[in-house]
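**Student:** Provided below are the primary sequence and the corresponding predicted coordinates.
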Amino acid sequence: MSLAQARYNMIEQQIRPWHVLEPAVLDLLDTTPRELFVSQEYEALAYTDTNLPLGHGEEMMPPRVEARMIQALDIQPADNILEVGTGSGYVTALLAKSGQHVTSVDIIPEFTEIAADRLQKQAINNITLETGDAATDWSTNAPYDVIAITGSLPLYPHAYADRLKIGGRLFAIIGDAPVMTAIIITRTGENEWEREDLFETELKPLKNAPQPESRFKF
């Protein structure tokens, strides 16, 4: 099977059945070659419904989760975007193609370097890549219209919700394995936010994510 056919199958068999129907999002997925954002050994698996290893114990989200995230964020051409967790650079590319500018930060220097090379080869230049620990907050180019957190968090991300402009949207996956919920937080006023639960999933936690003060133990 060709990679083009695999990409088509991904959209028709994984993405659409997961309620991703926005034409702009489907076109974005069709025109962004995911195989160029994975290591060579995983190119043949780039469009499969699975988490692909990135190294350092990290993984790419499955395509259907990435697609639901992009659709739910409702990104506009003038949006200023923050991505927490650059990873492979693939979601960075999707965000950059959708909005005006993306600031993307990762705690692993190798991920930043590899993503920079991949994005440059795709002529995606409306990005600022930074290396650092953004587990609790990141203020470069704040406030943001859109924030995408690509590692799970056990706690509600209050600091990041505060970084949103009024009308801004934040995607996060909240909870502890095996029960996690993908959510969208929308800032509706100076001191007002709305939360929408999207779907249940499971994702590796963001490195150094704040933990509850106490956990129930059996």
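**Tutor:** Nice, I can see it.
**Student:** What residues of stretch 179-195 count as buried?
**Tutor:** Residues of stretch 179-195 classed as buried by neighbour count (16 or more other C-beta atoms under 10 Å): 180, 182, 183, 184, 185, 186, 187, 193. For the C-beta atoms, the positions are set from N, CA and C on the backbone; glycine is no exception.
**Student:** Show me the residue sitting in the middle of the chain in space.
**Tutor:** residue 150 (4.2 Å; C-alpha atoms, centre = their mean).
**Student:** Please verify my assumption that that one contacts residue 84.
**Tutor:** Yes. Taking contacts as C-beta atoms under 8 Å, residue 150 lies within contact range of residue 84: 6.5 Å.
**Student:** need the helices for this protein, in chain order.
**Tutor:** According to DSSP state H, the chain carries its helices in the segments 3-9, 23-31, 63-73, 90-98, 109-121, 158-162.
**Student:** and of those helices, who's closest to residue 43?
**Tutor:** helix 3-9 (7.4 Å; C-beta to C-beta).
**Student:** and for the closest one, what are the contacting residues?
**Tutor:** Applying C-beta atoms under 8 Å, 6 or more residues apart in numbering, the contact partners of helix 3-9 are 1, 29, 30, 33, 34, 35, 43, 46, 47.
**Student:** hmm, back to that, pull up the overlap in contacts between residue 150 and residue 84.
**Tutor:** Contacts common to residue 150 and residue 84, judged by C-beta under 8 Å, 6+ apart, are residue 206.
**Student:** farthest-separated two in the buried residues of stretch 179-195?
**Tutor:** Farthest-apart pair in those is 180 and 187; separation 22.5 Å (C-beta to C-beta).
**Student:** Which one (most neighbours) among the contacts of helix 3-9?
**Tutor:** residue 47 (25 neighbours; other C-beta atoms under 10 Å).
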